[in-house]
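>>> starting from these lines, generate the structure:
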Amino acid sequence: MLTELILHLHKENIHNIPLFLTPLGIKASNDLIGMINILANKQTKFKFKGDNLLLEFISNHLNPIIRYNMQLSLNTFMPIKDYKIPILRQKVEDADCSGVYVFIHKSGKFGIGSALSCRDRLQDHLNSFYGHRPTTFLHKWILDNGGIESVRWAPLITYDNIVQEWFSHNFNSPLSVGGSKILQGFGQYIARLLEQCVYTYNKPFLSMYSQDRNIIFFTFTFKYEEMSQDLNHLHTYQAWGDKEMTKLLAESNSFNSLADMLGLTVGTIRNNMNWAKGIKITDKESGKKTTVYLVEKGASIRTQALSSQLAPKDLYPKIELFNRTLYDLIPGRIHAIDINTLEDFGNYASQRELWINLNPNSLDEFNNLGSLSKERIFLNSRISRFMNVAKPGGISTELGNFYFCRHPEFLSGMSKAASGFFAVNINTGVAEYFENNSQPLDDRLTVRNHRKNNTVSKRGFRYINKDVFIKYFPNAIAVLGSTYNLNKEQLKNLPLND
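Next up, the predicted model:
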């Protein structure tokens, strides 16, 4: 069946969009074929009436009409008709259909996505813009560059929503949890495939284009026992503030909403569900670390960690170099080791220097991450996590695959933390104390550079180290948020950082 669907998609591909399946796409296709094959077993009589009708329904929807609201250019997909957001009373063609949609910013930058219902997914995006759901790069960038008034939205490539059609015509034929997953998997298959192809060949900036062609979520989770589970039966996921489970913090029927309540990622929720040791989170009010225990109601607690919970050092063996040890490496430098020869390809002063040198064509992508914290997360997930371990295949870069190593005594925890400082407003004379460079007046890199060079920022601030400021102005108090007023004469003779 899936073969027939893909062949039909090729016939309907009037714009000659390059169609292909990534490794994840091939796996997803095989998983979906296996799911549909369960329905084809004539010896099986399913518990739920809808499951017994589902195979025939899918068989009758292998040739959907693909509609294109687009002009294909060399650099982007341009919709023939687009819309202001929010939609409000605008009549939108194919809004309730499945397919690929696009956001186009007034600058020409665009982002794409796919959905079973384009209208429903747009509402999800609007909730993110309004701060009611987690935000992604697309939402943050648009809000920082003109807001939602600066973008237009449109369904781009659409086809009839077969999930909606099923429930419209078969409301008296209930599906099991498994049957519903098969229906939704089949319904979203074309949209996911097209999204991956558009993403790969048109590199949408607002979708944070990456060289990783598997970045589009394209997978199906399915268990045969779900064919006997009532779709109306909901899982209950709970977060407890104590191991004895007497203090309930949050409760939800989905990982997504529980993650929103706790300020965690869905992956963190999934990895730590029913985990005996719990997970440490920061209390928003007190700022203190506390342990939270995540459990599925009725499930047993596990004491063995999932592989996805383990750090690379617990998953992979420690690297063994050729004719030398890790202690022979240059202290303070990060070495890129060729995975075949185990010889140095190069050594670098920082993760940033290493990544830029090994990926010379991705400098713009790296610089567009937007903040130091995002850079740090990006680099740590690719370098620090795999330091000194023999990850199978190494870490992929534009110049090849490498292991990353450093002297064992050079630990990240040994780096000296930045001391506190006073931010002096040279226009008003007010000096405010901050504990570190991560504060609201200027970004962290700007603060660090002006502290080092004793210069004034564009916002009109001089950043003076705590010990220096207290030496010259002993009545100043070095407590976060405290202020000290300087007169004109003092402003003219501000001390210099050593």
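>>> which residues in the stretch 301-450 of the chain form strands?
Per DSSP state E, counting those that start in this stretch, the stretch 301-450 of the chain carries strands over the ranges 334-338, 344-348, 395-397, 400-405, 421-425, 430-434.
>>> please save the CA atoms from the longest one in CSV.
The C-alpha coordinates for strand 400-405 follow below in CSV (Å, rounded to 0.1, in the frame of the first residue of the first chain):
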residue,chain,number,x,y,z
GLY,A,400,35.7,14.3,8.5
ASN,A,401,34.9,12.2,11.6
PHE,A,402,36.9,12.8,14.8
TYR,A,403,37.2,11.9,18.5
PHE,A,404,37.6,14.9,20.8
CYS,A,405,40.1,14.6,23.6
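>>> would you mark the buried spots in that strand?
Going by neighbour count (16 or more other CB atoms under 10 Å), the buried part of strand 400-405 is Phe402, Tyr403, Phe404, Cys405. Using the backbone N, CA and C atoms, a C-beta is placed for each residue, glycine as well.
>>> which residues does Lys318 bridge with?
Following DSSP bridges, Lys318 is listed with bridge partners Val389.
>>> same check, this time on Met78
With DSSP bridges as the criterion, Met78 is bridged to Gln71.
>>> show the end-to-end separation of stretch 335-343, please.
10 Å (CA to CA, to the nearest Å).
>>> which outside residues touch it?
With CB atoms under 8 Å, 6 or more residues apart in numbering as the contact definition, stretch 335-343 has outside contacts at 319-322, 329, 344-348, 354, 358, 393-394, 400-406.
>>> most tightly packed of the strands of the stretch 301-450 of the chain?
Sort the strands of the stretch 301-450 of the chain by mean neighbour count, taking mean count of other CB atoms under 10 Å, and strand 421-425 sits at the top with a mean of 23.
>>> let's have the strands of the stretch 301-450 of the chain in CSV, adding distance to Lys27 and mean pLDDT.
As requested, the strands of the stretch 301-450 of the chain are exported to CSV (distance: least, CB to CB, whole Å; pLDDT from 0 to 100):
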stretch, distance to Lys27, mean pLDDT
strand 334-338, 30, 94
strand 344-348, 32, 94
strand 395-397, 19, 92
strand 400-405, 22, 94
strand 421-425, 52, 91
strand 430-434, 49, 90
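>>> and of those, who's closest to Gly131?
Among those, strand 430-434 comes nearest to Gly131, with 26.2 Å by CB to CB.
>>> longest helix in this structure, by number of residues?
Using DSSP state H to define each element, the chain has its longest helix at helix 177-202.
>>> by contact count, what packs against it?
Applying 3 or more CB pairs under 8 Å, 6 or more residues apart in numbering; DSSP states H and E, we find helix 177-202 packed against helix 2-11, helix 23-39, helix 49-59, strand 98-105, strand 110-115, strand 151-159, helix 162-169.
>>> so how far is Thr265 from the nearest residue to Thr291 once chain neighbours are set aside?
Among residues not flanking Thr291 along the chain, Gly278 sits closest, at 4.4 Å (CB to CB, 6 or more residues apart in numbering). Distance, Gly278 to Thr265, using CB to CB, to the nearest Å: 16 Å.
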